[in-house]
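K.L.:
Got a predicted structure plus its sequence, pasted below:
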Amino acid sequence: MSTHAVSPTPERAGKRSVSLPQSLIKEIEARTGRTGFSAVVSEALEQWLAMAKLREVIEADEQEFGPVGADAQRRAEDEW
């Protein structure tokens, strides 16, 4: 599930204690079983981190070049 490149030596896992709503835990375990829970959490955190990094890039770009104008955004959406 991980989007990280596979390294020749697996990265050692660390442990953290987190509190989650019981309903969320039950739904995840119903789909993955108890052994898949960590993989789901890891994947979710990897996606969150990727989005956080993207926001940082966008913020830096806006600071350097200013916000994207409405016309440029409309052209980009049309091409999309």
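P.N.:
Perfect, I can see it now. Residues are numbered from 1 along each chain as shown.
K.L.:
Of all residues in this protein, which one is nearest the centre?
P.N.:
If you average the C-alpha coordinates of the chain and look for the closest C-alpha using Cα atoms, centre = their mean, you land on residue 47, 1.2 Å from that point.
K.L.:
what residue of the protein is the furthest out?
P.N.:
Checked over the chain using Cα atoms, centre = their mean: the farthest-from-centre residue is residue 71, at 29.6 Å.
K.L.:
Check the gap between that one and residue 30 for me.
P.N.:
Counting by Cβ to Cβ, to the nearest Å, the gap between residue 71 and residue 30 amounts to 48 Å. For the C-beta atoms, the positions are set from N, CA and C on the backbone; glycine is no exception.
K.L.:
which stretches of the protein have low pLDDT?
P.N.:
By pLDDT under 70, the low-scoring segments of the chain are 1-8.
K.L.:
hmm, 50 instead?
P.N.:
1 (pLDDT under 50).
K.L.:
So in it, which helix runs the longest?
P.N.:
As far as residue count goes, and with DSSP state H defining each element, the longest helix of the chain is helix 37-65.
K.L.:
contact partners of whatever helix or strand comes next after it?
P.N.:
Past helix 37-65, heading to the C-terminal end, the next element that is a helix or strand (DSSP states H and E) is helix 70-79. With contacts defined as Cβ atoms under 8 Å, 6 or more residues apart in numbering, helix 70-79 is touched by residue 68.
K.L.:
How far off centre is helix 70-79?
P.N.:
Mean-position distance between helix 70-79 and its chain equals 26 Å (Cα atoms, centre = their mean, to the nearest Å).
K.L.:
circling back: quick check: buried residues in the longest helix of the chain?
P.N.:
Residues of helix 37-65 include none that count as buried (16 or more other Cβ atoms under 10 Å).
K.L.:
next one: stretch 23-35
P.N.:
residue 28.
K.L.:
What lies in contact with that stretch?
P.N.:
Identification of contacts with stretch 23-35 by Cβ under 8 Å, 6+ apart yields 36, 37, 39, 40.
K.L.:
what two of the residues you listed are the furthest from one another?
P.N.:
Every pair in the contacts of stretch 23-35 was compared (Cβ to Cβ); the two farthest apart turn out to be 37 and 39, at 7.3 Å.
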